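Trainee: predicted structure and sequence below. I'll ask about it afterward.
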Amino acid sequence: MNLKLLSIVNFRNYEKVQVEFTPGIHVIVGKNGQGKTNLLESIYYLSCTKSHRIKDDRSLIKNNSTFFNISACIEKQGKEIEIRCNLNESGKNLFLYRNPIKKVSDFIGFFNAVMFYPDDMNLFSSTPKRRRQFVDLELGKLSKTYTKTLNDYYQILKERNSYLKNDTIDEIFIDTLDDQLIALQLKIVKQRKKFMDDILSKSEDFYLKLSGTHGKITYDYISDVNYDENEEVMKSQLYEKYKKNRKKDLYFKSTSIGIHRDDYMFYMNGEEVNTFASQGQKRVILLSLKLGIVYAIHEITGEYPILLLDDVFSELDEERRKKLLELLPKEIQIFISTTDMIQIENSNNIHYWKIDNGMIEIMRRNSQ
Ligand SMILES: Nc1ncnc2c1ncn2[C@@H]1O[C@H](COP(=O)(O)OP(=O)(O)OP(=O)(O)O)[C@@H](O)[C@H]1O
């Protein structure tokens, strides 16, 4: 999959920009605050219908404007496809082949992009919620069933939490909600673990080559229940837990166990990443995980996603940069943002762009 044409109107510091991209590696060079991340963010937005760094979409609209528009022509399985995201005063509008798309879940997964940006480095030290969001978002791009099951779970959880606030409680009704939550949570954990096992196995080779060590990245799924048992055992363990915690839940008026509280703990050669790994090692681990996701997307969809490397490529030493580009298949279209010009050797299809105050222009092309 390739991004062939990107048009941005009133997005962040871009007023009106239209750029044609060819396959290969695109290095986006510019001083601080010129719009490098904004450009990558617009591509990511088309993929996920949200920004990778802020929650409130309205702050993406250019100052003193009332809407933004991001549209692109992408090349997928030999076909050219037009996609568009627009935000105006009445809300968000999505289009595929010029047809309006009502449900976000029908749009996500159509144009896949994987982003690695500086704040990703906080994944290991951040909250369990952040780690859950990381997995839920990436897995959601690949599996509509997962997104649906997760939405159903949160819907029932909301119902249970609001029911717990009542003065009189029907225990049988809570039992029914618990039954539904348990059934959904078993499905969710199964998919989460399968996905993590898959991306870790796909990232293994990258990690070995990029880190230059013989170790492994592993993880633990942290939960109140041991999910490695067979399904019937897990079910009865969960029933027991829900029953045991009910008094507490009624007191705090909130559900104390479930997949909304689970977490992931990462290890590098058996040592906990958060407390043991250096910044450089964390960067290599994260990069390997992201590349594992790139490969998982390729396996499921038959297309490589676009890879967006915001400000992180320049943080790698020259040997690792070289190795990374050697390891990545040439079919992956990559966008790299950097403040300083970086020379990339051994790669034929490289395009250097200059960004200055929301204007983008080609500086140099090295293509075969
Ligand atoms: N809604 C907006 N309207 C207009 N300008 C905006 C808006 N949001 C952000 N900006 C501007 O965009 C610029 C930041 O762009 P961006 O984050 O892409 O910088 P960058 O080139 O990646 O810089 P750095 O190297 O520092 O990361 C800033 O000048 C900021 O004022």
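Mentor: All right, it came through fine.

Trainee: longest single helix anywhere in the protein?
Mentor: If you go by DSSP state H, the chain has its longest helix at helix 171-211.

Trainee: burial of the residue of the stretch 101-250 of the chain found nearest the ligand, as a residue count?
Mentor: Relative to the ligand, the nearest point of the stretch 101-250 of the chain is P118 (8.3 Å; Cβ to the nearest ligand atom). The C-beta positions use only the backbone N, C-alpha and C, and glycine is treated the same way. Around P118 there are 13 other residues, counting by other Cβ atoms under 10 Å.

Trainee: now swap in the one 5 residues further on and tell me
Mentor: Counted with other Cβ under 10 Å, the burial measure for L123 works out to 19 neighbours.

Trainee: tell me who's in contact with it.
Mentor: Counting by Cβ atoms under 8 Å, 6 or more residues apart in numbering, L123 makes contact with R130, R131, F134, L286.

Trainee: and the buried ones among those, selectable in ChimeraX?
Mentor: The buried residues among the contacts of L123 can be selected in ChimeraX (16 or more other Cβ atoms under 10 Å) with this line:
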select :131,134,286
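
Trainee: restricted to helices, list the contacts of L123.
Mentor: Cross-referencing these against helices under DSSP H gives R130, R131, F134, L286.

Trainee: buried ones in stretch 149-167?
Mentor: For stretch 149-167, by 16+ other Cβ under 10 Å, it's T149, L150, D152, Y153, I156, L157, R160, L164.

Trainee: next secondary structure element downstream of the longest helix of the chain?
Mentor: As assigned by DSSP states H and E, the chain's next helix or strand after helix 171-211 is strand 217-222.

Trainee: which parts of the protein sit against the ligand?
Mentor: When proximity is defined as Cβ under 6 Å from any ligand atom, the chain approaches the ligand at 12-13, 30, 32-38, 59, 61-63, 311, 339.

Trainee: 8 Å instead, please
Mentor: 11-13, 30-41, 59-63, 65, 310-311, 337, 339, 355, 357-358 (Cβ under 8 Å from any ligand atom).

Trainee: give me the ChimeraX select line for these, limited to the buried ones.
Mentor: Typed into ChimeraX, the line below selects the buried ones among the residues of the chain next to the ligand, using 16+ other Cβ under 10 Å:
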select :11,12,13,30,34,35,36,37,38,39,40,41,60,61,62,310,311,337,355,358
